[in-house]
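attaching a predicted model along with its sequence, questions to come.
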Amino acid sequence: MEDNLNPVGRAYYGFSTLLCVPNSLSQEVGTALGAQAGESRLRQVATTAGYSRFRRAAETPFNHIYEARR
């Protein structure tokens, strides 16, 4: 989390709290992970969904791109 304490990270956390989490809670699954779930939690969700391979495929200063395969 410490790496995200910059202006962009703060904005992403704010957007996640105001947009992503309520949207998720309104759906049947309702996991409410938001945009800042983190790699380990996203890996867990992918594994639970039946994906056997999960990796960080790319990253930028603002985003991590993950690949999940069955």
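That came through fine.

okay, buried residues for stretch 57-68 please.
Across stretch 57-68, burial judged by 16 or more other CB atoms under 10 Å covers Ala68. Bear in mind the C-beta positions are built from the backbone N, C-alpha and C, glycine included.

I'd like the average pLDDT over that stretch.
Mean pLDDT, stretch 57-68: 91.

give the buried residues for the helix or strand of the chain with the lowest mean pLDDT.
Across the helices and strands of the chain, the lowest-confidence element by mean pLDDT, DSSP states H and E is helix 7-15, at a mean of 85. Across helix 7-15, burial judged by 16+ other CB under 10 Å covers Tyr12, Tyr13.

roughly how far is it from the heart of the chain?
Put simply, helix 7-15 sits 13 Å off its chain's centre (CA atoms, centre = their mean, to the nearest Å).

show me the strands in this protein, by range?
Applying DSSP state E to the chain gives strands spanning 53-59, 64-69.

for Tyr13, which of those is the nearest?
Closest to Tyr13 of the strands of the chain, according to CB to CB: strand 64-69, at 14.9 Å.

next, the angle strand 53-59 makes with the closest one.
Angle, strand 64-69 to strand 53-59, by axes from the mean of the first three to the mean of the last three CA atoms, to 10 degrees: 150 degrees.

and strand 64-69, what does it pack against?
Of the remaining helices and strands, those touching strand 64-69 by 3 or more CB pairs under 8 Å, 6 or more residues apart in numbering; DSSP states H and E are helix 39-48, strand 53-59.

so what are the sheet partners of that strand and their directions?
strand 53-59 (antiparallel) (DSSP bridges).

list of residues touching the partner strand?
Strand 53-59 has contacts (CB atoms under 8 Å, 6 or more residues apart in numbering) with Glu39, Leu42, Arg43, Ala46, Thr47, His64, Ile65, Tyr66, Glu67, Ala68, Arg69, Arg70.

please apply the same query to stretch 11-29.
Residues outside stretch 11-29 that contact it (CB under 8 Å, 6+ apart) are Asn4, Gly30, Thr31, Ala32, Leu33, Gly34, Ala35, Gln36, Phe62.

coming back round to it: pick the most buried one from the helices and strands packed on strand 64-69.
Each of these was scored by mean neighbour count; the highest is helix 39-48, a mean of 13, by mean count of other CB atoms under 10 Å.
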